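Participant: would you be able to build a 3D model of this:
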Amino acid sequence: MLTVRQQLVLRKVVEANQELDQPVGSKTLATDAELGCGPSTIRNELAVLEELGLVTHPHTSAGRVPTDAGRRFYVDRLLPARPRRAELDLPLVRRELDQAMHATTETLARVTNLLAVVSAPPADTATIRHVEVLALQPSVVMVVVITSSGGVSRRVLSFPDAVDPGLIGWAGEYLNEQLVGLGVGARMLQQRLLDPSLGQSEQRFVAALAPAFAELAATQDDTLYVEGASRLLGVGRLADLAQINELLTALERRVTLLGVLSAALAEPDVLVRIGSENELPALQSLAVVAAAYGLPARRLGTVSVIGPVRMDYGMTIATVREAALQLSRYVQDVYER
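Facilitator: Alright, predicted model coming up:
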């Protein structure tokens, strides 16, 4: 167990390294009035912290830098249990889901100056909101399906003969009556189209329109929205070219990254992974801060940022938490419309 002074010294090392991006020496720390002790006392405390694996030094004469374990101690013990609430204004009102995801990612990257990654709700959460059946030509019909997530699917179907306009109007009303509210991947969706009480011409026409709904879930792919790569790749943000290449590879393999960030879905609050705590090699010299968003009874996706291990954890955690909260309010409104 660390003494109060050792905890204070560790906090000062983490925060000074975060600000200066260089090892922190005992003389620098001794100028801090909050510590109230001289360089020799601080050197002794730093030696204890180093024995515990909480700080290290690049070479003999250098100052100390926090280790991943030291930063973990800082996040778990030295930050307030609930960091300050971030002032974050996400422009989400009256936007479709895709636009809201873009807006969240762009704002989060700008506010934190880090790489922001937001995962869209999975396909199986979307339901059919509205169906339109439109005549493009006398024998060509287009079926438009709008989902609860704001997705739009279109299917153009050709018929050997001209289609009765009255049949087209009826089909639109019938399909909305039968399908609105059903999940896009629901097994009963196709069954709802087959009503034996319908007349033969209506049954044949609905059967011809059925392909528009057969692969609807495939058009609602899980998506990652990424912004801020240029900020993270800027001068001095990442350690070396190999680190940059690994990160870019992870961004290209979005399924892998999606799996990593989905760990936040099981967390009661914000997930923080520092350096070597990340299983993905591309992230083992970086820090990940992520939080889930969604409906009261189901989490739908994650809001996250990726950056150097020396990031401002207090500000980042508060900002990610606030973004997840605002996005949850938005999706609750969207899914309840």
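Participant: make it CA atoms for all contacts and neighbour counts henceforth
Facilitator: OK.
Participant: now stretch 109-121: mean pLDDT?
Facilitator: Taken as a whole, stretch 109-121 has a mean pLDDT of 89.
Participant: how far off centre is it?
Facilitator: Relative to the centre of its chain, stretch 109-121 is centred 7 Å away, using C-alpha atoms, centre = their mean, to the nearest Å.
Participant: what is the end-to-end distance of that stretch?
Facilitator: End-to-end distance of stretch 109-121 (C-alpha to C-alpha, to the nearest Å): 20 Å.
Participant: contacts for that stretch?
Facilitator: If you take C-alpha atoms under 8 Å, 6 or more residues apart in numbering as the criterion, stretch 109-121 is touched by 101, 104-106, 108, 222-229, 231-232, 258, 300-307, 315-316, 319.
Participant: all the helices of this protein, residue numbers only.
Facilitator: Remark: helices assigned in the chain by DSSP state H are 4-20, 26-30, 39-51, 68-73, 97-112, 165-179, 188-193, 200-209, 211-214, 229-232, 241-252, 254-261, 313-335.
Participant: relative orientation of the fifth one and helix 313-335 in degrees?
Facilitator: Right, the one you point to is helix 97-112. Compare the direction of helix 97-112 with that of helix 313-335 by axes from the mean of the first three to the mean of the last three C-alpha atoms, to 10 degrees and you get 170 degrees.
Participant: and the helices of the chain as JSON lines, adding mean neighbour count?
Facilitator: What follows is these, written out as JSON lines (neighbours: other C-alpha atoms under 10 Å):
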{"stretch": "helix 4-20", "mean neighbour count": "18"}
{"stretch": "helix 26-30", "mean neighbour count": "17"}
{"stretch": "helix 39-51", "mean neighbour count": "17"}
{"stretch": "helix 68-73", "mean neighbour count": "20"}
{"stretch": "helix 97-112", "mean neighbour count": "20"}
{"stretch": "helix 165-179", "mean neighbour count": "15"}
{"stretch": "helix 188-193", "mean neighbour count": "14"}
{"stretch": "helix 200-209", "mean neighbour count": "15"}
{"stretch": "helix 211-214", "mean neighbour count": "17"}
{"stretch": "helix 229-232", "mean neighbour count": "16"}
{"stretch": "helix 241-252", "mean neighbour count": "15"}
{"stretch": "helix 254-261", "mean neighbour count": "16"}
{"stretch": "helix 313-335", "mean neighbour count": "20"}
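Participant: quick one: closest of those to H57.
Facilitator: Closest approach to H57 among the helices of the chain (C-alpha to C-alpha): helix 39-51, 8.5 Å.
Participant: can you spell out the domain ranges of this structure, please?
Facilitator: Annotated domains of the chain cover 4-78, 97-122+222-335, 124-219 [automatic domain parsing].
Participant: for the ones you listed, give me a markdown table that also has distance to L90.
Facilitator: Output for those, formatted as a markdown table (distance: least, C-alpha to C-alpha, whole Å):
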| stretch | distance to L90 |
| --- | --- |
| domain 4-78 | 26 |
| domain 97-122+222-335 | 6 |
| domain 124-219 | 18 |
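Participant: for E87, which of the ones you listed is the nearest?
Facilitator: domain 97-122+222-335 (7.6 Å).
Participant: how distant is that closest one from the center of its chain?
Facilitator: Its chain's average C-alpha position is 5 Å from that of domain 97-122+222-335, according to C-alpha atoms, centre = their mean.
Participant: tell me the contacts of the residue lying closest to T249 once chain neighbours are set aside?
Facilitator: Leaving aside its sequence neighbours, T249 sits nearest to A282 (C-alpha to C-alpha, 6 or more residues apart in numbering; 7.9 Å). Taking C-alpha under 8 Å, 6+ apart, we find A282 in contact with 243, 246-247, 249-250.
Participant: give me the distance between A282 and A100.
Facilitator: 28 Å.
Participant: repeat that for I42.
Facilitator: With distances taken as C-alpha to C-alpha, I42 is found 49 Å from A100.
Participant: N278 now?
Facilitator: N278 sits 28 Å away from A100, taking C-alpha to C-alpha as the criterion.
Participant: likewise for E202?
Facilitator: From E202 over to A100 the distance is 39 Å, taken as C-alpha to C-alpha.
Participant: what of P138?
Facilitator: Per C-alpha to C-alpha, P138 is found 38 Å from A100.
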